[in-house]
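Peer 1: curious how this folds, go ahead:
(chains A and B)
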Amino acid sequence: MSDKPVPTPSEDTARFWEACNEDRFVVQRCTDCGTERFYPAAACPNCWHTDFEEVELDGTGTVESFTVVHRAPTEAFEADTPYVVALVTMGAETDVTVMANVLADPGDVSVGDSVTMTWEERDGQQLYQFELAE
Amino acid sequence: MGSTQRVAVTGIGESPIGSTPDMDSINLYATACLEAVDDAGLEKDDIDGLVTGYSLVDPKLMHSTVVADYLGLNLSYNESLRLGGATPFVGVCHAANAIRQGQCENVVIAFGDNRRTGFSKGDGVSNLATEVGHPEFENPFGPMVPSLYALIARKHMAEYGTTAEELATVSVACREHASMRGKGQQTDPIEVEDVLSSGLISSPLHKLECALISDCAGAVVVSSADAAADTRAPVELTGYGEGHGSEYIHRRNDLLYSPAVESGSTAFEMADRTPDDVDVAQLYDCFSITPLMLLEDLGFCEKGEGGSFVRERGITVDGDLPVNTHGGELSYAGAGVFHILEAARQIRGEAAETQVETDVALAHGVGGVLSTNATLLMEAW
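Peer 2: So this is what the prediction gives:
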């Protein structure tokens, strides 16, 4: 068992986390206005339309910003310090930004870096993470 | 009574600050309320409105009702408000609106908690961390609360060339003011080098760039024009505004924008003032990046120029725009409510060693990750 937090899926997010368990990162795209939304929700935050299609992103992204955590928020993260928490803008054609760790030497990470998605297993749940692109 | 009725800040009060293990959260609230009402020259029975925040240490379903019960208040306006650090600032806005609608005459707005001694040390950090980040889509990756602001700071540095020294200067200025006043949780003067060598918490933010965790409460009385006539030293609340944005940092379309843009412009328009008119600014300083962003978003300088503003124009009492003349959350105490008190003190001429010549004072509060914002403008009655 990991002491680190494991997501507890809700009615809204269960399909997302199930897809993660197939190593697929999917977002909802509004069938009315086309806005891609992350996190999953019952209605489009742009137009409140409730129908959506599921779109799988290709896992490429750009580091919008990052921080190196030296003081862990909880004991569970202490062994990992210093580690990188980043905001990653996904792909070229989405507005989706996700937070995750960049699994790299903190000194090697910069704003604007290209990253690709990778997966970490945590208590039976696949969790999306990033590594620096080749 | 029309919507243009003048409203005043008539009283300010605060509990002991720092470590007060003998006082629980409600006791801190009550102590601040009693002092504020006494400072106004009002009596218990004059108070017909109450806005309180909340307690993480001792949560209550109906916090303001609990405080009213403790103090034996009879209220026609009663609000428990929970908008993070913006809570007392938004509370003043709501109180002013309620007074202008004729619902009440004298409202006490109080905010505080005993987070320093009420939690064990590790619990306090963990509790704050899990309060702020998204439980499914942020917290599994281990951000601290400082990390969420550090993401803004890093972006600001990358986009505008803002330096670590410029950020550290915010902490140094706050400490200089607390030191001059000789009151606050941290009063020993510091230099930029002290900040940069204080240890990284979440890069680029160092320990001395993070707000203190304190036992404390502050309270302010807002009154109608009629009621203010009988008070000791009323200060006019000439403008106020709110601006609300996304709670979670990963949902922000633009990391370098905050809804302070909206709260500020609303307040300035109401007061028929501009940023140039402001003589002293009490800017929420949970982290060093926050006042720097607020200087830009409130219109004191262009976007991206917060760093050079701090470095070249100056934010100490000798600078172009003195900021946090009490020491802020970085040095005085870890709650933004004291920014409101200090704005009133500056207008009254009661700011002691850091008094500046003030016609217009601004106080600005932030909740979440620059999520919820409220701006207050005060002038002589």
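Peer 1: now the residue lying farthest from the centre of chain A: phi and psi?
Peer 2: For chain A, the largest distance from the centre (CA atoms, centre = their mean) belongs to residue A:32, which lies 24.5 Å off. For residue A:32, the backbone dihedrals (degrees, to the nearest 10) come out as phi -100, psi -60.
Peer 1: local confidence estimate at it?
Peer 2: Per-residue pLDDT puts residue A:32 at 97.
Peer 1: and residue B:85, by the same measure?
Peer 2: Looking at residue B:85, its pLDDT reads 96.
Peer 1: give me the number of residues near it?
Peer 2: Neighbour count of residue B:85, defined by other CB atoms under 10 Å in any protein chain shown: 27. All C-beta spots, glycine's among them, are computed from the backbone N, C-alpha and C.
Peer 1: re earlier: quick check: the residue farthest from the centre of chain A touching residue A:47?
Peer 2: Yes. Contact criterion CB atoms under 8 Å: residue A:32 and residue A:47 qualify, at 5.6 Å.
Peer 1: got the contact list for the residue farthest from the centre of chain A?
Peer 2: A:44, A:47, A:49, A:51 (CB atoms under 8 Å, 6 or more residues apart in numbering or on different chains).
Peer 1: and the least confident helix or strand in chain A by mean pLDDT, what other elements does it pack with?
Peer 2: Lowest on mean pLDDT, DSSP states H and E among the helices and strands of chain A sits strand A:36-37, with a mean of 92. If you count contacts as 3 or more CB pairs under 8 Å, 6 or more residues apart in numbering or on different chains; DSSP states H and E, strand A:36-37 packs onto strand A:26-30.
Peer 1: now residue 113: closest residue in space that isn't a chain neighbour?
Peer 2: Looking at chain A here, since you left the chain open. Spatially, and ignoring its direct neighbours in sequence, residue A:113 is nearest to residue A:63 (4.4 Å; CB to CB, 6 or more residues apart in numbering or on different chains).
Peer 1: the chain in question should be chain B.
Peer 2: residue B:55 (4.9 Å).
Peer 1: name the element residue B:342 belongs to?
Peer 2: Using DSSP states H and E, the element containing residue B:342 is helix B:337-348.
Peer 1: now do the following helix or strand past that helix against helix B:337-348, angle only.
Peer 2: Moving toward the C-terminus from helix B:337-348, the next helix or strand (DSSP H and E) is strand B:360-367. Per axes from the mean of the first three to the mean of the last three CA atoms, to 10 degrees, the angle that strand B:360-367 makes with helix B:337-348 is 180 degrees.
Peer 1: chain center to strand B:360-367: distance?
Peer 2: Per CA atoms, centre = their mean, to the nearest Å, the displacement of strand B:360-367 from the mean C-alpha position of its chain is 6 Å.
Peer 1: give the helix, strand or coil label for the residue nearest the centre of chain A.
Peer 2: The structure's chain A has its C-alpha centroid closest to residue A:98; by CA atoms, centre = their mean the separation is 4.2 Å. With DSSP: H, G, I helix; E, B strand; the rest coil as the basis, residue A:98 sits in strand.
Peer 1: so who does it touch?
Peer 2: Residue A:98 touches A:38, A:61, A:87-88, A:90, A:128, B:137, B:250, counting by CB under 8 Å, 6+ apart.
Peer 1: and the residue nearest to residue A:113, that one's in a strand?
Peer 2: Yes. Counting by three-state DSSP, residue A:63 falls inside a strand.
Peer 1: next, the buried residues of whichever helix or strand residue B:379 is part of.
Peer 2: For residue B:379, the enclosing helix or strand under DSSP H and E is strand B:372-380. Applying a neighbour-count criterion of 16 or more other CB atoms under 10 Å in any protein chain shown, one finds B:372-379 buried in strand B:372-380.
Peer 1: if we can go back for a sec, top of the contacts of residue A:32 by neighbour count?
Peer 2: Most surrounded of those: other CB under 10 Å gives residue A:44, at 21 neighbours.
Peer 1: could you check how far the residue nearest to residue A:113 is from residue B:286?
Peer 2: 24 Å (CB to CB, to the nearest Å).
Peer 1: between the two, which one's more packed in?
Peer 2: Comparing residue A:63 with residue B:286 by other CB under 10 Å, the one with more neighbours is residue B:286, at 27 against 22.
Peer 1: pLDDT value on that one, please?
Peer 2: 98.
Peer 1: against residue B:329, how distant is it?
Peer 2: Taking CB to CB, one finds residue B:286 at 6 Å from residue B:329.
Peer 1: the helix or strand where residue B:267 lies: what's the following helix or strand?
Peer 2: Per DSSP H and E: residue B:267 is located in helix B:260-271. Downstream of helix B:260-271, the first helix or strand assigned by DSSP H and E is strand B:280-283.
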